[in-house]
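Visitor: Build me a model from this:
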Amino acid sequence: AGAAPAAGGATPPPPPPAPPAAPAVVDERFAKYAKMQKMLPEGAVRQKMMSDGFSPADIESFFNPGAAPAGGAAPAAPKAPTLTPLEAIRFAKYEKMLKMLPEGAVRQKMVSEEVSPEDIDKFFGAMNGAAAAKAASAASKPAAPKAPVVEPPPEGMSAKPKITPNAKLKGIFWTKLKNSEIQGTVWHKMQEHKLPAEEIKRLEDLFGTKVAVVDAAAAEEKAAKAAAAEKKSGGKKLISVLDAQRTQNVMIIMGKVRKNAEQILKLVIDLDPEALNHELCHTLYEVLPTAEEVAAVQPYKDPTLLDNASQLLFQFNRMPRILQRMECHEIAFSWTGQANAAASQLGVIECACVELSKSQQNMQTLLSMVLSIGNFFMECHEIAFSWAGQANAAASQLGVIECACVELSKSQQNMQTLLSMVLSIGNYLNGGTARGEAYGVGLDIFSKFCNLKASQQNETLMHFLARQADMHDPRLSELSDQWVALWAAADISYKQLSGEVANLDTLVNKMNTEFTRIKDSKDNIGLDGKMEADMHDPRLSELSDQWVALWAAADISYKQLSGEVANLDTLVNKMNTEFTRIKDSKDNIGLDGKMEDCKGPAMNPLHRRLNGFLLTAKPRIAQIRLQVKTVEAAVEKEMNKYGDSLKKTADDDACKLFFSTIAQFARAYRTACDENTARRLAAEKASKAATDAAQKESA
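Guide: Got it, this is the predicted structure:
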């Protein structure tokens with residue numbers, strides 16, 4: 001028998017509804033990763049959480065929130081899975097990657113290569129289990145603690161105090177001197193400058209590593225610009241076929257030109273020398289598309305789908321042989337100037353040959369003397385010219401270095417005060433590291449102080465040092481006010497200076513040896529056995545008075561000039577080949593594959609540009625070729641007179657060497673003639689004065 005029905009046959013009331021389930025509690029730390037999970041694969045999110053410092057347990061609790069029991073003891077850890085031999089071979093490359101990359105990156109790679117989630121979990125379970133076993137084994141065998149090697153402080157100095165900064169600071173990577181190297185330096189027995197507490201706080205504020213603060217206004221402005229660009233493109237995302245760096249370079253050049261893609265293409269089509277000038281032509285060369293970029297842009301038929309940089313390449317791709325077109329335009333600009341310069345230099349060499357031929361008799365006379373006197377006398381003459389100047393220069397530089405040492409010595413007290421502050425600041429910044437507790441450091445510390453920038457302000461550590469010095473003693477700012485020689489000494493190479501002094505010594509010994517040899521008048525014989533005083537011929541001093549072109553020819557590299565002439569010839573042939581190619585209308589393809597007319601007043605711009613150039617360049621290059629043959633024959637003739645030849649010499653630039661040798665000889669000879677004349681006149685004057693004095697005395 002069941003329960004009696006309620007009185008009056010009424011239906012019993014329904015049971016009360018179950019209480020609603022408590023909403024899941026979302027950890028605020030994981031809010032941004034929950035958003036990332038909707039857009040990125042799990043491996044990428046895991047990697048980001050690991051780089052942000054989350055523990056493996058936190059990461060697992062985010063991805064598997066219901067895996068752990070709500071309360072009570074945690075269940076026993078499941079046994080780590082093991083890989084079969086075939087799986088071990090299959091996953092070998094991921095095992096190698098795991099040694100170099102974080103777990104998240106490897107997971108993402110496995111997902112991209114379509115490895116199943118079950119296999120991914122099995123692989124990482126096996127790897128984590130092996131790592132845990134290895135760690136447990138290592139923990140069971142604790143290594144004997146290694147006693148740290150503590151270097152004793154320098155003699156007469158106490159141990160440096162341990163410094164623990166109140167914040168993480170930027171370190172100074174200075175060259176810390178060993179304690180055994182301190183004695184005998186400015187660092188020995190130096191008392192570190194003590195930083196006040198408020199200055200330590202300032203140092204930590206300036207050079208602490210702080211988290212970058214996002215500029216909300218700048219971010220909002222950037223978002224507004226992006227929204228405006230999207231609205232302009234009709235909500236479509238523009239496509240770029242270029243990488244970021246190439247896109248940036250193309251946009252910079254388009255900004256310089258101040259024209260859009262279609263306008264730039266029109267410049268290339270028209271080839272107007274005024275609109276597409278030489279400088280602009282050279283600039284556009286940098287944005288001509290490569291073969292890879294042409295292949296990338298070719299599939300697109302609508303340029304509005306592309307961004308501005310890609311649109312320019314799209315427009316360029318419409319014009320066949322655009323590279324050759326631009327090259328022809330460039331050649332037409334520069335060829336005439338290059339041809340005139342080459343012809344001018346050829347003319348100089350030709351005139352130099354004429355001048356030298358006219359001086360042949362005097363040159364022969366002088367060369368016969370050269371054979372008699374010998375090169376050694378000329379060398380002694382050259383030494384006598386240059387030695388005093390070299391000696392004075394070396395002595396001057398030595399004096400500068402000596403004065404610099406005096407200036408630095410006078411500044412020693414101020415320098416030591418500043419260095420004590422440098423040591424104090426550096427030791428604080430390097431507190432708690434192996435670079436700290438230094439008794440002295442290398443001179444590279446000065447550049448470190450200049451280069452270490454503050455975190456939030458436009459300051460360096462050198463500004464902080466200057467502030468401390470000014471607070472300690474304002475006169476320290478006058479450290480270098482009295483320096484003069486020290487600034488100059490900073491530019492002197494002492495190694496090079498020592499070599500110059502040694503060379504001066506060698507030259508003196510050489511001249512002394514020759515002086516000893518000719519001290520006896522019996523050995524002071526000149527040409528054909530005559531004394532040197534009888535060798536003077538005034539007419540020979542006029543050897544180079546009429547030379548003009550020869551001095552200039554001494555500076556012309558005929559090898560380089562020949563290369564320039566050959567290049568001019570090549571360019572003309574290149575332009576002629578292009579002209580011949582487009583002369584036939586069958587091969588005269590223009591924009592978008594359409595034919596272009598190359599006849600009559602409406603001929604296409606490239607044909608017109610090439611035709612005008614070739615009408616001038618062809619006869620000009622023919623003249624230059626003839627001039628080259630004439631010049632080579634003239635140079636060969638003059639060189640043969642002196643036993644040399646353009647063909648037999650081993651020097652690559654025989655023409656320049658020939659003329660520069662002649663010019664150098666003539667210049668030295670003229671100087672010697674002038675000096676000999678001055679000495680002769682002085683001797684005659686002295687002799688006359690002596691004769692007059694003797695006559696007066698006898699009278």
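Visitor: Phi and psi next, for the residue nearest to I182 when sequence neighbours are not counted.
Guide: Nearest non-adjacent residue to I182, counting by CB to CB, 6 or more residues apart in numbering: P154, 4.0 Å away. Glycine gets a C-beta too; all of them are placed from N, C-alpha and C. Here is the backbone geometry of P154 (degrees, to the nearest 10): phi -60, psi 160.
Visitor: For the stretch 351-500 of the chain, give me the ranges with low pLDDT.
Guide: 368-382, 384-385, 456-457 (pLDDT under 70).
Visitor: Which parts of it are helices?
Guide: Along the stretch 351-500 of the chain, the segments classed as helices by DSSP state H, counting those that start in this stretch run 360-373, 375-410, 412-429, 445-451, 461-472, 485-489, 494-518.
Visitor: Which stretch among the ones you listed is buried most, on average?
Guide: helix 412-429 (a mean of 19; mean count of other CB atoms under 10 Å).
Visitor: name the helices or strands packed onto it?
Guide: helix 197-207, helix 445-451, helix 461-472 (3 or more CB pairs under 8 Å, 6 or more residues apart in numbering; DSSP states H and E).
Visitor: still on that earlier bit, tell me which of the helices of the stretch 351-500 of the chain approaches E198 most closely.
Guide: Each of these has some distance to E198 by CB to CB; the shortest is helix 461-472, at 10.3 Å.
Visitor: circling back to that earlier point, can you report how many residues neighbour the residue nearest to I182?
Guide: Residues lying near P154 (other CB atoms under 10 Å) number 21.
Visitor: before we move on, what about the one 4 residues further on?
Guide: Neighbouring residues of S158 were enumerated by other CB under 10 Å; the total is 7.
Visitor: Show me what the biggest helix by length in the chain is packed against.
Guide: Ranked by residue count and defined by DSSP state H, the top helix of the chain is helix 654-698. Contact here means 3+ CB pairs under 8 Å, 6+ apart; on that basis helix 654-698 packs against helix 322-358, helix 360-373, helix 375-410, helix 549-553, helix 558-583, helix 605-641.
Visitor: In a markdown table: the ones you listed, plus distance to L479.
Guide: Converted to a markdown table, the helices and strands packed on helix 654-698 look like this (distance: least, CB to CB, whole Å):
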| stretch | distance to L479 |
| --- | --- |
| helix 322-358 | 54 |
| helix 360-373 | 59 |
| helix 375-410 | 10 |
| helix 549-553 | 52 |
| helix 558-583 | 52 |
| helix 605-641 | 63 |
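Visitor: Of all those, which one is nearest V106?
Guide: That would be helix 322-358 among the helices and strands packed on helix 654-698, by CB to CB, at 45.1 Å.
Visitor: residues of that closest one that come out buried?
Guide: 322, 325-333, 335, 339, 342-343, 345-346, 348-353, 355-356 (16 or more other CB atoms under 10 Å).
Visitor: what's the average pLDDT for the longest helix of the chain?
Guide: Across helix 654-698, pLDDT averages out at 82.
Visitor: cool, and stretch 251-266?
Guide: Rounded mean pLDDT across stretch 251-266 is 83.
Visitor: Equivalent analysis for stretch 196-209, please.
Guide: 83.
Visitor: Distance from that stretch to the middle of the chain?
Guide: Stretch 196-209 sits 35 Å away from the centroid of its parent chain (CA atoms, centre = their mean, to the nearest Å).
Visitor: Need the contact partners of that stretch.
Guide: For stretch 196-209, contacts defined as CB atoms under 8 Å, 6 or more residues apart in numbering pick out 165-170, 195, 425, 428-429, 452, 454-457, 459, 461, 464, 467-468, 471.
Visitor: tell me which element Q546 is part of?
Guide: In the assignment (DSSP states H and E), Q546 maps to no helix and no strand.
Visitor: check contacts around it.
Guide: Residues near Q546 by CB under 8 Å, 6+ apart: E355, K358, S359.
Visitor: one more time with 7 Å
Guide: E355 (CB atoms under 7 Å, 6 or more residues apart in numbering).
Visitor: if I pick I425, what's in contact with it?
Guide: Contacts for I425 (CB under 7 Å, 6+ apart) come out as L203, L461, F464, L465.
Visitor: one step back: K122 is nearest to which of the helices of the stretch 351-500 of the chain?
Guide: Closest to K122 of those, according to CB to CB: helix 412-429, at 48.7 Å.
Visitor: any idea of the angle the closest one forms with helix 461-472?
Guide: 120 degrees (axes from the mean of the first three to the mean of the last three CA atoms, to 10 degrees).
Visitor: hang on, the earlier thing: tell me how far the longest helix of the chain is from the chain's mean position?
Guide: 54 Å.
Visitor: Stretch 97-104 now?
Guide: Stretch 97-104 has its C-alpha centroid displaced from the chain centroid by 34 Å (CA atoms, centre = their mean).
Visitor: So what would you say the end-to-end distance of it is?
Guide: Between the opening and closing residues of stretch 97-104 lies a distance of 11 Å (CA to CA, to the nearest Å).
Visitor: hmm, back to that, need the helices and strands packed on helix 412-429 in CSV (columns: distance to S409).
Guide: Output for the helices and strands packed on helix 412-429, formatted as CSV (distance: least, CB to CB, whole Å):
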stretch, distance to S409
helix 197-207, 30
helix 445-451, 19
helix 461-472, 20
